[in-house]
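In: Quick one, what's the 3D model for this:
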Amino acid sequence: MARKPNYDFERKERERLKNEKKAARASEKAKPVAAETDKTPEEPQPGTQQN
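Out: Numbering: from 1, shown residues only. From the prediction side, this is the model:
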């Protein structure tokens with residue numbers, strides 16, 4: 001005998017997986033922006049003295 005389909009659960013599960021994937025992509029996209037803003041210049045500025 002075939003099982004009774006649970007359409008509501010299956011739809012919610014698909015949406016949950018899709019939202020997890022979307023959140024993962026958004027966080028990956030945000031990482032390079034955060035990395036660029038956290039950079040500090042390693043090279044000394046022109047015209048400054050180093051001891």
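
In: Which strand or helix spans E10?
Out: helix 7-38 (DSSP states H and E).

In: where does the chain dip in pLDDT?
Out: Across the chain, the ranges flagged by pLDDT under 70 are 33-51.

In: Pull out the buried residues from stretch 26-35.
Out: By 16 or more other Cβ atoms under 10 Å, stretch 26-35 has no buried positions at all. Bear in mind the C-beta positions are built from the backbone N, C-alpha and C, glycine included.

In: Extract the CA atoms of that stretch and return them as CSV.
Out: The C-alpha coordinates for stretch 26-35 follow below in CSV (Å, rounded to 0.1, in the frame of the first residue of the first chain):
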residue,chain,number,x,y,z
ALA,A,26,24.5,35.5,1.1
SER,A,27,27.1,34.9,3.8
GLU,A,28,29.7,33.8,1.2
LYS,A,29,29.0,37.0,-0.8
ALA,A,30,29.3,39.1,2.3
LYS,A,31,32.7,37.6,3.3
PRO,A,32,34.8,39.3,0.6
VAL,A,33,33.3,42.7,1.4
ALA,A,34,34.1,42.3,5.1
ALA,A,35,37.6,41.1,4.3
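
In: Can you report how many residues lie near R14?
Out: 10 (other Cβ atoms under 10 Å).

In: Distance-wise, check it relative to K21.
Out: 11 Å (Cβ to Cβ, to the nearest Å).

In: got it, and D8?
Out: The value you get for D8 to K21, if Cβ to Cβ is used, is 21 Å.

In: go on, M1?
Out: From M1 to K21 the distance is 35 Å (Cβ to Cβ).

In: what do you get for E13?
Out: When E13 is compared with K21 (using Cβ to Cβ), they lie 13 Å apart.
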